[in-house]
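Asker: Structure for the following, please:
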Amino acid sequence: MHGLTNARLARETGPTTMSLLTEEGHLSVKPYAFVPAVLNLPEIKRAQGSVSNVSSRSSHRGPGGGVDLTEGCMLTKSVKYTHQLSQFISAIHRGDPQPVEDVIGKLYIVPYDNFTLDDRCNLTYLESFVHTSLDVYGFIAFTASIATLDSLIQMVKSDNDRRQAEIDMWGTANRRFLDFSNSAFVNPEYELVALYPDHFLPNGSMLTIYRPKGGYINYVSSDRRLRRTTESSSPRLPPFHHESQERGPYPNRLNIFLVILNAEIKFRRYSQENQLNNFPALPQDILTLITRTIELADLIYWQPVPTEGSPGKAILDQGIANARRNPPRAARPDTRKTMERTLSEDAEMEDLGGTSASARAARGKWFDNATLEQRKAYMTMLTTAPDDDYNPALLEELKVNSACYSVLSINKWLTAIKQPGMPNFENASPDARQTDAVSEHASGSSPHDSTD
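Answerer: Numbers count the residues shown, from 1 in each chain. Take a look at the predicted model:
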């Protein structure tokens, strides 16, 4: 390399540094990642100047600090330096996380305020091939076991019923209050759903699950399930717990509701893909698991609307009528100020994907008043890209920021939605959409005490 001898190269770059030659012929140095002590393995000491700020132990940090590598892969329980620290909910193309974090905040499924995507409750380690199968190819999905799903569905539905009763009585409802001490939330049981088991483990490939006290069990793809052998009577991959219970207080542990929202998107996409492929049907018990997961996700996205004929609906209608008939003086038209405000708001509202405070407030107001299907479509749009199975009419009020979302994805979405067999949301009742006044409970303007 430009006449440098091996001995001189070693002296100038150090023996622990990877050396690369740039296009200009300059010698560049790529430092190694820091290697901490893990289990019974000692830290690897590096020569000065040869260590980067990248750590094999944790690359994301939230309020509770990083996730310890000794926790191991969520699925296989193995501990390796090459594991990928993964987010269950993430922003598309590493875009602005704020809109996604705001949605999670409005769903009240995290037991503290100011959630961020880098919080420990959204992070887990996965073996590289597991992460790729989950996040890149969609071969697999994580969800809760049937027992855990049943408990969580009962918990969320009970709180939804409470909120529905409140809005029917008062015209407004308190925000969601879930029981985060429930064992189904604190220590949930997980299941791996292999949507494409033969692609996940092709040609006899094995999934190795390590036991906490030593040893391991191999699983292979058989009759659309993962079993110990190819025999249909062989034991299946069982439900499992995640080692995040060792992280301490439950807010730091992996949040099962975030896992469910991730799974719902994957299951919906699988349902659509199933129309395009000719693969054998998944077993009925797996389809039941998928159905129950989607049911729980729908309950999470649900928002109360007053029932026709209820006292709350009458109170709400009267409040809207009074507001239109007697606007406060500050709200009465001023032509000059209205024109100035309109020009300013048009610039902000042209794209709800903006980062300004007014754009963020506009997104929040839109989400508060959106239907169930619109909320799900919006979350999918923020975290993955628009899906083909959502009609553009669902998001007609939401201007898409081409800087954040792929134009090709949008065009594909608009084209594919016209194909036969796609779900039809065009005839959704406009009454299912909430009025602006329904969300006024957030400002405390209702005669019934409420919080948001």
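
Asker: and the nearest residue in space to L117 that is not next to it in sequence, how many residues sit next to it?
Answerer: Closest residue to L117 apart from its sequence neighbours, by C-beta to C-beta, 6 or more residues apart in numbering: P97 at 4.7 Å. Glycine gets a C-beta too; all of them are placed from N, C-alpha and C. P97: 17 surrounding residues under other C-beta atoms under 10 Å.

Asker: tell me the contacts of P97?
Answerer: S90, A91, T116, L117 (C-beta atoms under 8 Å, 6 or more residues apart in numbering).

Asker: 10 Å - rerun?
Answerer: Contact partners of P97, counting by C-beta atoms under 10 Å, 6 or more residues apart in numbering, are Q87, I89, S90, A91, I104, T116, L117, D118, L382.

Asker: I'd say the third one and L261 touch.
Answerer: No. Taking C-beta atoms under 10 Å as the definition, S90 is not a contact partner of L261, at 11.3 Å.

Asker: can you list the domains in this protein?
Answerer: 6-60, 84-301 (automatic domain parsing).

Asker: quick one, helices of the chain?
Answerer: 6-13, 98-107, 128-131, 146-170, 183-186, 197-200, 256-273, 284-301, 311-325, 335-349, 357-368, 372-383, 407-416 (DSSP state H).

Asker: what helices or strands is the second one leaning on?
Answerer: So the one you mean is helix 98-107. helix 256-273, helix 284-301, helix 357-368, helix 372-383 (3 or more C-beta pairs under 10 Å, 6 or more residues apart in numbering; DSSP states H and E).

Asker: Could you name every residue contacting both of S90 and L261?
Answerer: Here S90 and L261 have T383 as joint contacts, going by C-beta under 10 Å, 6+ apart.

Asker: P239 contacts L192, doesn't it?
Answerer: Yes. The pair P239 and L192 passes the contact test of C-beta under 10 Å, sitting 8.9 Å apart.

Asker: Which one's more surrounded, these two?
Answerer: Comparing P239 with L192 by other C-beta under 10 Å, the one with more neighbours is L192, at 22 against 15.

Asker: so that one sits right up against L75, yeah?
Answerer: Yes. Between L192 and L75 there is a contact at 6.1 Å, judged by C-beta under 10 Å.

Asker: Give me the common contacts of the two.
Answerer: Joint contacts of L192 and L75 (C-beta under 10 Å, 6+ apart) are V130, L134, I140, F142, L207, I209, L237, F240.

Asker: Can I get the buried part of those residues as one PyMOL selection?
Answerer: To isolate the buried ones among the shared contacts of L192 and L75 in PyMOL, judged by 16 or more other C-beta atoms under 10 Å, type:
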select buried, resi 130+134+140+142+207+209+237
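
Asker: The shared contacts of L192 and L75 into CSV, with extra columns for pLDDT and distance to P306?
Answerer: Below are the shared contacts of L192 and L75 laid out as CSV (pLDDT from 0 to 100; distance: C-beta to C-beta, whole Å):
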residue, pLDDT, distance to P306
V130, 96, 45
L134, 94, 40
I140, 96, 41
F142, 98, 37
L207, 96, 50
I209, 96, 50
L237, 95, 46
F240, 95, 43
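
Asker: among the shared contacts of L192 and L75, which are in strands?
Answerer: Under the assignment DSSP state E, the shared contacts of L192 and L75 contribute I140, F142, L207, I209 to strands.

Asker: Closest one to S310 out of the residues you listed, please.
Answerer: F142 (39.4 Å; C-beta to C-beta).

Asker: which residues touch the closest one?
Answerer: So F142 contacts 74-75, 88, 124, 126, 130, 134, 190-193, 242, 254, 256, 259-260, 262-263, 266, 293 (C-beta under 10 Å, 6+ apart).

Asker: can we see that at 6 Å?
Answerer: Counting by C-beta atoms under 6 Å, 6 or more residues apart in numbering, F142 makes contact with Y190, V259.

Asker: related to what we said a few turns ago, flag whichever of the domains of the chain has the least confidence on average.
Answerer: Mean pLDDT per stretch puts domain 6-60 lowest among the domains of the chain, at a mean of 55.

Asker: Count residues in the vicinity of A357, would you?
Answerer: For A357, the count of nearby residues is 9 (other C-beta under 10 Å).

Asker: So what sits opposite V38 in the bridge?
Answerer: Using DSSP bridges, the beta-bridge partners of V38 come out as L41.

Asker: how near is it to G66?
Answerer: For V38, the distance to G66 equals 13 Å [C-beta to C-beta, to the nearest Å].

Asker: What number of residues are in the vicinity of the nearest residue to L299 once chain neighbours are set aside?
Answerer: Nearest non-adjacent residue to L299, counting by C-beta to C-beta, 6+ apart: V156, 4.4 Å away. V156 has 23 neighbours, counted by other C-beta under 10 Å.

Asker: wait, isn't V156 in contact with D298?
Answerer: No. Applying C-beta atoms under 6 Å, one finds V156 not in contact with D298, separated by 9.7 Å.

Asker: which of the domains of the chain sits most buried?
Answerer: Mean neighbour count (mean count of other C-beta atoms under 10 Å) peaks for domain 84-301 among the domains of the chain, with a mean of 18.

Asker: got a list of what R225 touches?
Answerer: By C-beta under 6 Å, 6+ apart, the contact set of R225 is R236.

Asker: Mind doing that once more with 10 Å?
Answerer: By C-beta under 10 Å, 6+ apart, the neighbours of R225 are A194, P197, Y219, S232, S234, R236, L237, L282, P283, D285, I286.

Asker: Turn these into CSV, columns for distance to R175.
Answerer: Formatted as CSV, the contacts of R225 follow (distance: C-beta to C-beta, whole Å):
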residue, distance to R175
A194, 37
P197, 41
Y219, 42
S232, 48
S234, 48
R236, 40
L237, 38
L282, 37
P283, 39
D285, 36
I286, 35
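
Asker: Could I get the CA-only coordinates of stretch 361-371 as CSV?
Answerer: The C-alpha atoms that make up stretch 361-371 are tabulated as CSV, following Å, rounded to 0.1, in the frame of the first residue of the first chain:
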residue,chain,number,x,y,z
ALA,A,361,-51.5,19.8,17.1
ALA,A,362,-53.3,19.4,13.8
ARG,A,363,-52.3,15.7,13.6
GLY,A,364,-53.5,15.2,17.2
LYS,A,365,-56.8,16.7,16.5
TRP,A,366,-57.2,14.7,13.3
PHE,A,367,-56.4,11.5,15.2
ASP,A,368,-58.8,12.3,18.0
ASN,A,369,-61.6,12.6,15.4
ALA,A,370,-60.6,9.7,13.2
THR,A,371,-62.5,6.4,12.8
